[in-house]
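J.: Sequence first, then the predicted structure, then my questions.
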Amino acid sequence: ISPLPSPHPPPPPPQVILTQDELKKIAAYKAVESVESGMVLGLGTGSTAKHAVTRIGDLLRLGKLTNITGIPTSRMTHELALSVGIPLSDLDSHPVVDLAIDGADEVDPHMNLVKGRGGSLLREKMIEGACKKFIVIVDESKLVEHIGGSGLAMPVEVVPFCWKFTAERLRLLFEEAGCLARLRRDGEGGEPFVTDNKNYIVDLYFERDIGDLMVASDRILRLPGVVEHGMFLGMATTLIVAGELGVQVKNK
Ligand code: 5RP
C-alpha cells in the first residue's frame, strides 16, 4: 500500500551557495584527477592552483600517488610544494613536463588566457609552454568574451632599466585602444613590485578592444625592455570551470 500523499509537500532542499574559494577548490580537485604516478608536473601559482598543489601533496601522503616530480612556477609555489611534501625539480633537469595545472585571470571562448595578476607570468609561460598537457582551472567569474576587455590588468614583465620608457612605448602601441600603462607597486604609492626574476610589471588597461591577439602579442614582444606578457594564446589544452551549476570540462 503506498503511503497517502502528505498535505504538506516537503520543502525544497536548501540551495547551497558556494564561495568563490570553494569553486576554485572544486576545479582544482577535478584537475588533479588527471595526475598519474610518475608524472613530471608543472605546479601553478595563485589561490586556485594552491588547492591543486595541496591536493597532490595529500595524495602523495596517502600513497595514492607516487614518484611525482613538481616544477613550481613561482617561489611561493616552491615553498608551498615543499611544505606539502612534493619533490621538486626544474626545467633544466626536466625539459619536458607531462602536465601543468594552473589558474588564470581571464579565459576567452577559445581558451586564450590572461595570466600574471599574481606576478608569476614568466615562469608560468616557460613551464606551461614545455607541457604536453596544460589544464586551466577557474571559477566561472574568470570567463570573458574578449581578452583584455574586462577593464582589469594585462600584465607585462619588463626589465627595471628605464621602465618608464618601456611603459610609454607599451602605451603608445595600444593608443587606439585607449591604453593606460601603470607600474605595479606593493600597495598604493609603495615600492615597485619585483617579480621572482627581479623584474618589474607594467599593467596595461584598455578602454577598447585590442584586436587580433597574436598581432598584439608580437608587437609587445618586439619591444626591447619587455621580457614577457601575460597573454597565453593557444596554450591551454583543457579548461575546467567550476560554477554554481557544477563543473564543466572543455578540451581543445
Ligand atoms: C599568477 C597567475 C594566476 O594563475 C592567476 O592570477 C589566477 O590567480 P587566482 O587563482 O588567485 O585567481 O597567473 O601569476
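T.: Thanks, I have it. Numbering: from 1, shown residues only.

J.: make it CA atoms for all contacts and neighbour counts henceforth
T.: Will do.

J.: What segments of the protein are strands?
T.: 40-43, 69-72, 97-102, 106-107, 113-114, 131-139, 154-158, 180-183, 200-205, 226-229, 231-232, 238-243, 246-251 (DSSP state E).

J.: pLDDT of the fifth one, averaged?
T.: With pLDDT averaged residue by residue, strand 113-114 scores 98.

J.: partner strands of it, parallel or antiparallel?
T.: strand 106-107 (antiparallel), strand 231-232 (antiparallel) (DSSP bridges).

J.: what's the most buried one of those?
T.: Among the strands paired with strand 113-114, ranked by average contacts under mean count of other C-alpha atoms under 10 Å, first place goes to strand 106-107 (a mean of 28).

J.: Pipe the strands paired with strand 113-114 into CSV and attach mean pLDDT and distance to the ligand per row.
T.: Formatted as CSV, those follow (pLDDT from 0 to 100; distance: least, C-alpha to the nearest ligand atom, whole Å):
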stretch, mean pLDDT, distance to the ligand
strand 106-107, 97, 8
strand 231-232, 98, 10
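
J.: In JSON lines, list those along with distance to Ile68.
T.: Supplementary listing: the strands paired with strand 113-114 in JSON lines, determined by distance: least, C-alpha to C-alpha, whole Å:
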{"stretch": "strand 106-107", "distance to Ile68": "28"}
{"stretch": "strand 231-232", "distance to Ile68": "26"}
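
J.: among those strands, which is nearest Asn67?
T.: Closest of the strands paired with strand 113-114 to Asn67 is strand 231-232, at 29.2 Å (criterion: C-alpha to C-alpha).

J.: in the protein, what spans have low per-residue confidence?
T.: Scanning the chain for pLDDT under 70 picks out 1-7, 13-14.

J.: And for Met214, the neighbour number?
T.: 12 (other C-alpha atoms under 10 Å).

J.: cool, and Leu172?
T.: Under the criterion other C-alpha under 10 Å, the count of neighbours that Leu172 has is 15.

J.: Kindly provide the distance from it to the ligand.
T.: 25 Å (C-alpha to the nearest ligand atom, to the nearest Å).

J.: List the residues that contact that residue.
T.: Leu172 makes contact with Cys179 under the criterion C-alpha atoms under 8 Å, 6 or more residues apart in numbering.

J.: Distance-wise, check it relative to Thr166.
T.: Look at Leu172 and Thr166: by C-alpha to C-alpha, to the nearest Å, they are 10 Å apart.

J.: Okay then, goodbye and thanks.
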